[in-house]
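A.B. asks: build me a model:
(one chain, ligands or ions: 1)
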Amino acid sequence: MSKKTFYITTPIYYPSGSLHIGHVYTTTLARTLANFKILCGYDVKMLTGSDEHGQKIEEKANQAGLNPQIYVNERAEEFKDLWKKLEIQYDYFSRTSNKAHMESVSKQFAELFKKGDIVKGTYNGLYSIQDEEFVATAQALKKDGKYYHPLSGHELESVEEESYFFRMSKYSEWWKKYLKENPNFIIPHKIVNELKNNFISKGLEDLSITRSTFSWGIPVKEDKNHVMYVWLDALNNYITALGYKTNDQSDFIKYWSNGDEIVHIVGKEITRFHGIYWPIILESIGLRKPTTILSHGWIITSQGKMSKSKGNVINPLKIIDKYGAEIIKYYFASKMPINNDNVFSEDILKTTYNSDLSNNYGNLLSRTIAMIKQNFDKPVKHIKPIDKTDVELLNEIIEHKNTFINELNNYQISSGLESVMQLGKKLNGYIDITKPWTLKENKERLSQILNNLLNGIYAMTTMLSIVIPKKANQALKILNQKDLSLEKIEDFSKFDETIFGESEILFERMK
Ligand code: ME8
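C.D. replies: Below you'll find the model as predicted:
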């Protein structure tokens, strides 16, 4: 039987500057979910990339004295370097200046224009270059006679220009019905009400999709004065990267049209584009919709949201050099619930590392292997438990695995990982209760306890592997097992033939 498919995407980030830890956060969450689905037996594809057109990029390239294409080429390489340093793999690096993408979007524009869903008009209103976004006057913040973006705070400029519009208003009722029939289309649910109140109840406005005052964009073939402006261009990357309307559509057919699950993970400020406009565009061209738009909160610092203009961004390369990639990924995935904004703190990062990875998990592993090596030169075999403490412990292993799967299936990554740490506490508590160091003379009992512990550690390692695959792999070698699998967690005899080699400290305590 062929595997179920899972396609997950991060936003394609603007190459108008370097990436910061906010971008690292999103990409870490995406990779963690992708790894989880692989563990569940899915055929998984992940996309990240760069969103390379628009006025802001054109201006940045001009400032740097570079042709925009050269400028974005350099930035895209920088992005790839960052993902490499973070040890994050992906299947598609999607770039909107890619020819195949541009041609595909042009074909779509022509189709929608013919259909009457794209029409020419005049845009008269406010625009944020920083956010590449038109903002309705009613939504803008007004201060001292000037207008500002309601979320980012960037100053808005008044523009009046000819533009082509996508007739979103035509699909307002369709969208409401779609959300009713697909209540998990946008997660968390609280976002749906915000979108309804802010954009739907006041009447969904048509979306401006072209501009005529700059040239760095996909040219509109139907009208030479216009280039497509970011969102129609950008959102389509999710399907053009799979080959939609290009020479090879096989991935598009497999992972999109006939795919099982499609998840776009995005920061909350761009949920509107993914949750409202994108399904409408897909409906208009007659394509299936993603399964879920997963919207997450921001990483903030004590001065509010991190942003280049506030000058409070934290450079990911510096913290990777200082702490290592997996610690950072573990901290983001486990201690920053997606439903909230979360403050980044190096102190919390260190405490997380010491308490979760070094003490709770790492020590447990090295202590257990050391006790086995001191007391046995044969495998410690599984014995069917009679003792209540043992029965409970083995049940806990299964229950925590089930909780983990359940939480991850609901995209609650931090709660899933919390369940792994709870299991670690139970296992450490089991050592305190059973006191294996007092059982040197009772080899049978000692062997049983150590086997139970090994099974618990294996379960923790398997679950942790979705976020710290490299360390989990080292642990797998120490545990001398072939692979990490969710099914094997319940097979308690897997260590019955296992002899252990030298152990090593996986997580040195941090000062
Ligand atoms: O919006 N906390 O690109 P972008 C958490 N090109 N996540 C953050 C963050 C923070 N402080 N700052 C940024 C764009 N992010 C468009 C997307 S998609 C078709 C086009 C993450 O470079 C978060 O995922 O401004 C956010 O949505 C994204 O980076 C914005 O990246």
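A.B. asks: going by C-alpha atoms from here, please, whenever you check contacts or count neighbours.
C.D. replies: OK.
A.B. asks: helices of the stretch 251-400 of the chain, residue ranges please.
C.D. replies: 271-272, 278-285, 316-323, 325-335, 346-352, 364-375, 388-409 (DSSP state H, counting those that start in this stretch).
A.B. asks: out of these, which gets nearest to K107?
C.D. replies: helix 278-285 (11.1 Å; CA to CA).
A.B. asks: low-confidence ranges, the protein, go.
C.D. replies: Across the chain, the ranges flagged by pLDDT under 70 are 308-309.
A.B. asks: tell me the residues of it that contact the ligand?
C.D. replies: 11-14, 22-23, 26, 51, 234-235, 266-267, 270, 298-300, 305-306 (CA under 6 Å from any ligand atom).
A.B. asks: what helix or strand does I191 sit in?
C.D. replies: Element membership of I191 [criterion: DSSP states H and E] is helix 190-195.
A.B. asks: alpha carbons only: can I get that helix in PDB?
C.D. replies: C-alpha atoms of helix 190-195 as PDB (Å, rounded to 0.1, in the frame of the first residue of the first chain):
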ATOM      1  CA  LYS A 190      -9.300  32.000  18.000                       C
ATOM      2  CA  ILE A 191      -7.700  33.500  14.800                       C
ATOM      3  CA  VAL A 192     -10.800  32.700  12.800                       C
ATOM      4  CA  ASN A 193     -12.900  35.100  14.800                       C
ATOM      5  CA  GLU A 194     -10.300  37.800  14.500                       C
ATOM      6  CA  LEU A 195     -10.300  37.300  10.700                       C
END
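A.B. asks: buried ones from the residues of the chain next to the ligand, can you make that a ChimeraX selection?
C.D. replies: In ChimeraX, this line selects whichever of the residues of the chain next to the ligand come out buried by 16 or more other CA atoms under 10 Å:
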select :11,12,13,14,22,23,26,51,234,235,266,267,298,299,300,305,306
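A.B. asks: so what's I397 closest to, chain neighbours aside?
C.D. replies: G456 (6.0 Å; CA to CA, 6 or more residues apart in numbering).
A.B. asks: I'd like the next helix or strand past the helix or strand harbouring the one you found.
C.D. replies: Taking DSSP H and E as the criterion, G456 maps to helix 443-464. Downstream of helix 443-464, the next assigned helix or strand under DSSP H and E is helix 469-479.
A.B. asks: from the contact counts, what lies against that next one?
C.D. replies: helix 443-464 (3 or more CA pairs under 8 Å, 6 or more residues apart in numbering; DSSP states H and E).
A.B. asks: next, the angle helix 325-335 makes with the helix it packs on.
C.D. replies: 90 degrees (axes from the mean of the first three to the mean of the last three CA atoms, to 10 degrees).
A.B. asks: buried sites along helix 443-464?
C.D. replies: 446-464.
A.B. asks: check stretch 131-142 too.
C.D. replies: D131, E133, F134, V135, T137, A140, L141.
A.B. asks: return the residues in contact with R211.
C.D. replies: E161, E162, S163, Y164, H226, V227, M228, Y229 (CA atoms under 8 Å, 6 or more residues apart in numbering).
A.B. asks: and for N312, nearest residue in space, chain neighbours not counted?
C.D. replies: M306 (5.6 Å).
A.B. asks: doesn't V313 make contact with the one you found?
C.D. replies: Yes. If you go by CA atoms under 8 Å, M306 and V313 touch, sitting 5.2 Å apart.
A.B. asks: what's near enough to touch the closest residue to the ligand within the stretch 301-450 of the chain?
C.D. replies: When scored by CA to the nearest ligand atom, the stretch 301-450 of the chain has M306 as its residue closest to the ligand, at 4.6 Å. The contact partners of M306, taken as CA under 8 Å, 6+ apart, are G22, I299, I300, N312, V313, I314.
A.B. asks: look at the residue of the chain positioned farthest from its centre and give its secondary structure.
C.D. replies: The C-alpha centroid of the chain is most remote from E441, which lies 50.7 Å away (CA atoms, centre = their mean). With DSSP: H, G, I helix; E, B strand; the rest coil as the basis, E441 sits in coil.
A.B. asks: surely T122 is in a strand?
C.D. replies: Yes. The assignment for T122 (three-state DSSP) places it in a strand.
A.B. asks: leaving out chain neighbours, which residue sits closest to K60?
C.D. replies: Per CA to CA, 6+ apart, closest to K60 is S16, 6.4 Å.
A.B. asks: which SS state does that neighbour fall under?
C.D. replies: On the basis of three-state DSSP, S16 is classed as coil.
A.B. asks: check contacts around it.
C.D. replies: With CA under 8 Å, 6+ apart, S16 has these contacts: K56, I57, K60, R75.
A.B. asks: I466: neighbour count?
C.D. replies: Counted by other CA atoms under 10 Å, the residues lying close to I466 total 22.
A.B. asks: no, scratch that, I was asking about H382
C.D. replies: 20.
A.B. asks: so it sits right up against D491, yeah?
C.D. replies: No. In this structure H382 lies outside contact range of D491 using CA under 8 Å: 9.8 Å.
A.B. asks: what about E59, how many neighbours?
C.D. replies: 17.
A.B. asks: please apply the same query to Y244.
C.D. replies: With other CA under 10 Å as criterion, Y244 counts 24.
A.B. asks: doesn't it belong to a strand?
C.D. replies: No. Secondary structure of Y244 (three-state DSSP): coil, not part of a strand.
A.B. asks: and the residue nearest to it when sequence neighbours are not counted, what does it touch?
C.D. replies: Of all residues not flanking Y244 in the chain, F252 sits nearest, at 5.8 Å (CA to CA, 6+ apart). Shown in contact with F252 (CA under 8 Å, 6+ apart): I239, T240, L242, G243, Y244.
A.B. asks: ok, back up a step: in the helix holding I191, what's buried?
C.D. replies: Neighbour-count burial for helix 190-195, counted by 16+ other CA under 10 Å, picks out I191, V192.
A.B. asks: can you check stretch 159-167 too?
C.D. replies: Those would be E162, S163, Y164, F165, F166, R167, for stretch 159-167 by 16+ other CA under 10 Å.
A.B. asks: quick one: that stretch to chain centroid distance?
C.D. replies: In terms of CA atoms, centre = their mean, to the nearest Å, the centre of stretch 159-167 is found 33 Å from the chain centre.
A.B. asks: what residues does that stretch touch?
C.D. replies: Residues contacting stretch 159-167 (CA under 8 Å, 6+ apart): 117-127, 205-212, 226.
A.B. asks: pull out the buried residues from those.
C.D. replies: With neighbours counted by 16+ other CA under 10 Å, the contacts of stretch 159-167 contain buried members at 117-119, 123, 126-127, 205-212, 226.
A.B. asks: in terms of contact, does I449 touch P436 like I think?
C.D. replies: Yes. If you go by CA under 8 Å, I449 and P436 touch, sitting 7.3 Å apart.
A.B. asks: on that earlier part again, in the buried residues of stretch 159-167, find the pair that's most separated.
C.D. replies: By the measure CA to CA, E162 and R167 form the most distant pair in these, at 15.3 Å.
A.B. asks: mutual contacts of M306 and V313, please.
C.D. replies: By CA under 8 Å, 6+ apart, no residue touches both M306 and V313.
A.B. asks: quick one, phi/psi of the residue positioned nearest the centre of the chain?
C.D. replies: Centroid check for the chain by CA atoms, centre = their mean gives A30 as the closest residue, at 2.3 Å. Note on A30: backbone dihedrals following degrees, to the nearest 10 are phi -60, psi -50.
A.B. asks: give the burial count for S345, as a bare number.
C.D. replies: Neighbours around S345, by other CA under 10 Å: 12.
A.B. asks: tell me what L141 is bridged to.
C.D. replies: Y148 (DSSP bridges).
A.B. asks: surely it and Y147 touch.
C.D. replies: Yes. Applying CA under 8 Å as the test, L141 and Y147 come out as touching, 5.5 Å apart.
A.B. asks: residues touching whatever residue of the stretch 51-200 of the chain ends up closest to the ligand, list them.
C.D. replies: Residue of the stretch 51-200 of the chain nearest the ligand, by CA to the nearest ligand atom: D51 (4.9 Å). Neighbour list for D51: I12, Y13, Y14, P15, R95, T96, V230, A234 [criterion: CA under 8 Å, 6+ apart].
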